[in-house]
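K.L.:
Predicted structure and sequence below. I'll ask about it afterward.
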Amino acid sequence: MDDLIKNDDRFKLDNFYEAAVKEVQYEGQTWAIHVHGRPTALCQPPPLRQAGIEVEDIDTSNWQQLQQYGKLTKKQGNKITRWGFDTKVQSGFLWMYSWGNGSSLLSEDGKTATFDTPENIEALRYAVETMNVQGGFRPYKAFLDHTVPGPQNFFG
């Protein structure tokens, strides 16, 4: 994509977070552009306050604490109306937990997958357990299918 980027005066890689740019480059070439090059929100203050949690008390390095935010999940009968804590691992964010756990999903040269390190296995187990204590993937998926508006949700 480098030729396209270079030939378009309106487009600048400097407008993206450096980490987001590096993530889509290989051997000095840009192979993709992030559609959602923005930080992922951890929480919304009103539901936290309703549960007696102060934003400033959140420690993102404390996975057990984060997992407890699953208590923010709300149901009406069998239907989930609010998901408590979404690790986003099912959306490709395992790398975030891998890094946070002192590992990486790729070797330093970017040529070998390292999914089977103890740190990465622990991260994946954490994400699965976090989803399961809130009801599991099926209720989560049903919740998403009916709450995410717009053209990206074909069934909602």
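P.N.:
Nice, I can see it. Residues are numbered from 1 along each chain as shown.
K.L.:
Determine the longest helix present in the protein.
P.N.:
Assignment by DSSP state H gives helix 118-132 as the longest helix of the chain.
K.L.:
so how far is the following helix or strand past that helix from its chain's centroid?
P.N.:
Along the chain past helix 118-132, the next helix or strand (assigned with DSSP states H and E) turns out to be helix 137-147. Taking the mean C-alpha point of helix 137-147 and that of its whole chain, the gap between them comes to 16 Å (CA atoms, centre = their mean, to the nearest Å).
K.L.:
Alpha carbons only: can I get helix 137-147 in PDB?
P.N.:
The C-alpha trace of helix 137-147 is given here as PDB (Å, rounded to 0.1, in the frame of the first residue of the first chain):
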ATOM      1  CA  PHE A 137     -20.200 -17.400  24.000                       C
ATOM      2  CA  ARG A 138     -23.700 -18.100  22.700                       C
ATOM      3  CA  PRO A 139     -25.400 -15.600  25.000                       C
ATOM      4  CA  TYR A 140     -22.600 -13.100  24.200                       C
ATOM      5  CA  LYS A 141     -23.100 -13.600  20.500                       C
ATOM      6  CA  ALA A 142     -26.900 -13.300  20.800                       C
ATOM      7  CA  PHE A 143     -26.400 -10.100  22.800                       C
ATOM      8  CA  LEU A 144     -24.000  -8.600  20.100                       C
ATOM      9  CA  ASP A 145     -26.300  -9.600  17.200                       C
ATOM     10  CA  HIS A 146     -29.100  -7.600  18.700                       C
ATOM     11  CA  THR A 147     -27.300  -4.600  20.000                       C
END
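K.L.:
Tell me which residues of it come out buried.
P.N.:
Buried residues in helix 137-147, counting neighbours by 16 or more other CB atoms under 10 Å, are found at 139-140, 143-144. Where C-beta positions appear, they are placed from N, C-alpha and C, glycine not excepted.
K.L.:
Save these as TSV, and put in pLDDT too.
P.N.:
Shown next, in TSV, are the buried residues of helix 137-147 (pLDDT from 0 to 100):
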residue	pLDDT
139	87
140	87
143	84
144	81
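K.L.:
Could you pull up the mean pLDDT of the longest helix of the chain?
P.N.:
Averaging pLDDT along helix 118-132 yields 95.
K.L.:
for it, which positions count as buried?
P.N.:
Neighbour counts over helix 118-132 (16+ other CB under 10 Å) mark 119-120, 122-124, 126-127, 130-131 as buried.
K.L.:
Great, nothing more from me.
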